[in-house]
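Peer 1: no FASTA, just this:
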């Protein structure tokens with residue numbers, strides 16, 4: 001059942017993104033940024049954690065999950081360090097994912113040399 005919930009949750013998030021691409025003039029970059037902000041806002045009001053508990057990886061892997069991780073990191077750091085945690089908590093909580101994205105980006109850029117589209 002966990003796999004089905006993850007599939008449904010991730011599928012719904014992807015479907016919303018596809019509808020936004022098809023029906024609005026928003027660029028993909030704005031939609032992606034909106035997903036991260038939506039994850040932060042939903043976490044701030046306490047709605048994303050129940051979604052993550054139900055949807056598992058279907059909720060934590062997409063960009064909304066990145067926003068949720070940022071918000072959780074900030075909340076934890078503020079509790080431990082005070083207001084300084086606002087600046088450090090999000091980066092601390094997501095450092096592994098950011099480092100992996102940069103590392104694999106560099107590896108792929110070294111392996112595949114794409115030509116500019118004309």
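Peer 2: Thanks, I have it. Computed from a predicted structure; not experimentally measured. Numbers count the residues shown, from 1 in each chain.

Peer 1: From the chain's centroid, how far away is stretch 14-22?
Peer 2: 16 Å (C-alpha atoms, centre = their mean, to the nearest Å).

Peer 1: now it: mean pLDDT?
Peer 2: Throughout stretch 14-22, pLDDT has a mean value of 94.

Peer 1: what comes up buried for it?
Peer 2: Going by neighbour count (16 or more other C-beta atoms under 10 Å), the buried part of stretch 14-22 is 17, 20. In this view, the C-beta of every residue, glycine as well, is placed from N, C-alpha and C.

Peer 1: Low-confidence regions, this protein specifically.
Peer 2: Scanning the chain for pLDDT under 70 picks out the ranges 116-118.

Peer 1: quick one, helices of it?
Peer 2: 2-23, 28-44, 48-55, 57-60, 63-81, 85-111 (DSSP state H).

Peer 1: Tell me which of those is the most buried.
Peer 2: helix 57-60 (a mean of 21; mean count of other C-beta atoms under 10 Å).

Peer 1: That one - contacts with which helices or strands?
Peer 2: helix 2-23, helix 48-55, helix 63-81 (3 or more C-beta pairs under 8 Å, 6 or more residues apart in numbering; DSSP states H and E).

Peer 1: Distance of residue 41 relative to residue 7?
Peer 2: Distance, residue 41 to residue 7, by C-beta to C-beta, to the nearest Å: 25 Å.

Peer 1: what's the answer for residue 40, then?
Peer 2: In this view, residue 40 and residue 7 are 24 Å apart by C-beta to C-beta.

Peer 1: Name the residues that touch stretch 35-45?
Peer 2: Stretch 35-45 has contacts (C-beta atoms under 8 Å, 6 or more residues apart in numbering) with 13, 17, 48-49, 51, 62-72, 75.

Peer 1: Repeat that for stretch 68-88.
Peer 2: Stretch 68-88 is contacted by residues 36, 39-40, 42-44, 48-49, 52, 59-60, 89-94, 97 when judged by C-beta under 8 Å, 6+ apart.
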